[in-house]
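*Asks:* from the sequence below, what's the structure:
(chains A and B)
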2 protein chains.
Amino acid sequence: MKAPSLSSLPTPCLLLDEARMQRNLDRMATHVRSLGVPLRPHVKTGKSIPIALAMCGGAPGPITVSTLAEAEACFAAGFRDVLYAVGLPPNKLPAVQALRARGCDLSVLIDNVEAARAIAACRAAIPTLVEIDSDDHRAGVRPDAPELLAIAAVLRDGAELRGVMTHAGGSYDCRTAAAIAAMAEQERAAVVRASERLRAAGHRCPVVSVGSTPTATFARDLRGVTEVRAGVHVFMDLVMAGLGVCRLDDLALSVLVSVIGHQRDKHWLVTDGGWMALSRDRGTSGHPEDRAYGLVCDVHGHPLDLVVAHTNQEHGLVARADGGAFDLDRFPAGTLLRVLPVHACATAAQHDGYHVLRDGTVAARWPRFRGW
Amino acid sequence: MKAPSLSSLPTPCLLLDEARMQRNLDRMATHVRSLGVPLRPHVKTGKSIPIALAMCGGAPGPITVSTLAEAEACFAAGFRDVLYAVGLPPNKLPAVQALRARGCDLSVLIDNVEAARAIAACRAAIPTLVEIDSDDHRAGVRPDAPELLAIAAVLRDGAELRGVMTHAGGSYDCRTAAAIAAMAEQERAAVVRASERLRAAGHRCPVVSVGSTPTATFARDLRGVTEVRAGVHVFMDLVMAGLGVCRLDDLALSVLVSVIGHQRDKHWLVTDGGWMALSRDRGTSGHPEDRAYGLVCDVHGHPLDLVVAHTNQEHGLVARADGGAFDLDRFPAGTLLRVLPVHACATAAQHDGYHVLRDGTVAARWPRFRGW
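*Replies:* Residues are numbered from 1 along each chain as shown, chains lettered A, B, ... in the order given. Next up, the predicted model:
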């Protein structure tokens, strides 16, 4: 059977260039290996079993998840070593215990004494990491905070302190490779400092976990770290390209859209790729090159000098970034275009699966999981 | 069996207050009936059969859809009269013809001669509306444009000109009821003018369709109009409340989230309701009251003086709108909160279904359809 061509696909839909994905994975694996630390890939970007397997080198390995639904789906596919890397509230403990009772080696993350007490009260030796705030950005306790030792003390009876982890999401606000490398060192130093405090207080701290795609890419030294997490490197996106983490031709995802009309006075192509297909993420709005809701390519994936300037639910308005005139007649109604995503995690989440491009044809369809 | 309480639901999840939904539907139905015009509700907000039925008064009726997947799902549930209200590119014609061949009275929308030629070439009498641009906002031909008559002439052989329609999305940029009422009149005048030109040129134009929730709400006179479309009125949202289209206690949707931690220095609650659960829509960013990523309520749905100020994929950072201090200890880890959505269409799209609240308990789960 001949593989379907792009023109047979319903638009909008999500395309995945498998060779680019594999190249991205190989590059990260080589770099992290050179630093002597194993990867625990994050499956929240791909949310698909074939992609999770590819991130682990072909067979189930240690993974990171952002929801218990991801943990469920991956455990059902043979993944056992799973870190749920979002702070666990007490009301999610029954679901965690149910998954662990079925054989999943699920570890959890907390950053406060209340959550530690709830976990300890289960007396189920749930492996627990303490989240460290390395960049003043979101969650976690500061590496020098008294609360770190208070949490560890609570966990001692009834839980298992597995270690410490941090995510330097602040790396997304860096603008140079040097700044990201400095953030990687800040991330490393924070979590290593926390691990040293725990050990000095008599605790075991086997896991010292860092990660974000930018810091993992530019880290030069990971002494004291036992694992690196990264997720969006699997696809890369315009935010990563804007940070210098990848090149535009590393972007493995695109959204196939159709031209449905024109507004000649405004120099707009109207397409069927709105925010329902692209997401509303505006992650490059603070970048020197703002890609609006996505960078537009021809059907072969070659970038044009066009962006998705505005989106409604099922409409994307394509324009030059400067709003100037271009030859709309090159793009009659029915023309297929491909939009490179601003934020791959957000764009992929709008779709139920991937049309996988292999050797220029649509070779497979990989479903995504979703929910919580 | 006792209905499950909110504390038994996994967070984040989507709640629908059925009584508020019904009140919103009744209010719109009464208003539009008073103007003497029938409703053709838009199912793109709810994307759920029980909700589509409620919008039609309990039994299948004429509906508007934004994707062919919505048309498929509704046709399978007994809806026959379906308007696909996004410009049809030629490459979607086979799917349209397949649905029509199965008995769906599917009508389509175009705004250019190329698309008209492709439809006419099918010689399948596909009912076709011409989109009119009434507000210089997105798609459509201007009511006085020569292209209107050119499209109608092309459709004459092989297609069926069903009429004209417009969507005054520009009403979302209005800031007063008077401005929205003026926009409603502009919307009416544009599409009626287009219908008169078509009839003067010898065409039939049975359908003259207008609609957006704001213009439908504030329209005072719909002479010459044959149907009104509206969708988001079913749930309402913070954008609609900001426009004065509804009150806060009309909002029928909320996202149930759990507190997972605190950042005391920053006066933040950290919750598990990130953009995956809320969407990245920032539709109130230009309003006098900017609700950021959502207005936070207690578990009973009573608004607090808090918004979701920042979102990551599975983290929502809750703060006072002015960033000031508040008593974080009122919200220990595990506390349930409800977030009112900025844009109901976008928030609902992040979920697979609704937990339906009836008489204060979770009485049903209604699945959503998605895709294209």
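
*Asks:* please parse chain A into its domains.
*Replies:* The record assigns chain A these domain ranges, following automatic domain parsing: A:19-234, A:248-367.

*Asks:* what's the spacing between stretch A:69-78 and its chain's center?
*Replies:* Taking Cα atoms, centre = their mean, to the nearest Å, one finds the center of stretch A:69-78 at 17 Å from the center of the full chain.

*Asks:* strands of the stretch 51-200 of chain A, residue ranges please.
*Replies:* Here the stretch 51-200 of chain A has its strands, by DSSP state E, counting those that start in this stretch, at A:63-65, A:81-84, A:105-110, A:127-132, A:160-166.

*Asks:* out of the ones you listed, which is the most enclosed?
*Replies:* Mean neighbour count (mean count of other Cβ atoms under 10 Å in any protein chain shown) peaks for strand A:63-65 among the strands of the stretch 51-200 of chain A, with a mean of 27. No exception for glycine: its C-beta is placed from N, CA and C like everyone else's.

*Asks:* mind putting the domains of chain A into CSV with distance to chain B and mean pLDDT?
*Replies:* Listed next are these as CSV, based on distance: least, Cβ to the nearest Cβ, whole Å; pLDDT from 0 to 100:
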stretch, distance to chain B, mean pLDDT
domain A:19-234, 4, 96
domain A:248-367, 4, 97
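
*Asks:* looking at the ones you listed, spot the one closest to A:Ser8.
*Replies:* In terms of Cβ to Cβ, the element of these nearest to A:Ser8 is domain A:248-367, at 8.1 Å.

*Asks:* could I get the strands of the stretch 51-200 of chain A as JSON lines with distance to B:Val257?
*Replies:* JSON lines is the format used below for these (distance: least, Cβ to Cβ, whole Å):
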{"stretch": "strand A:63-65", "distance to B:Val257": "18"}
{"stretch": "strand A:81-84", "distance to B:Val257": "16"}
{"stretch": "strand A:105-110", "distance to B:Val257": "17"}
{"stretch": "strand A:127-132", "distance to B:Val257": "18"}
{"stretch": "strand A:160-166", "distance to B:Val257": "22"}
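
*Asks:* quick one: closest of these to B:Glu114.
*Replies:* Taking the strands of the stretch 51-200 of chain A one by one with Cβ to Cβ, strand A:63-65 is closest: 46.5 Å.

*Asks:* before we move on, back to that, next, format the domains of chain A as JSON lines and append distance to B:Val65.
*Replies:* Formatted as JSON lines, the domains of chain A follow (distance: least, Cβ to Cβ, whole Å):
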{"stretch": "domain A:19-234", "distance to B:Val65": "27"}
{"stretch": "domain A:248-367", "distance to B:Val65": "10"}
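
*Asks:* burial measure for A:Asp173, as a count.
*Replies:* A total of 14 residues lie near A:Asp173 under the criterion other Cβ atoms under 10 Å in any protein chain shown.

*Asks:* contacting residues for it?
*Replies:* A:Gly286 (Cβ atoms under 8 Å, 6 or more residues apart in numbering or on different chains).

*Asks:* what about 10 Å?
*Replies:* For A:Asp173, the contact set (Cβ atoms under 10 Å, 6 or more residues apart in numbering or on different chains) comprises A:135, A:137, A:179-180, A:183, A:214, A:243, A:286.

*Asks:* thinking again about what came up before, so which of the strands of the stretch 51-200 of chain A gets nearest B:Ala116?
*Replies:* strand A:63-65 (49.5 Å).

*Asks:* for the closest one, name the packing helices and strands.
*Replies:* helix A:49-55, helix A:68-76, strand A:81-84, strand A:105-110 (3 or more Cβ pairs under 10 Å, 6 or more residues apart in numbering or on different chains; DSSP states H and E).
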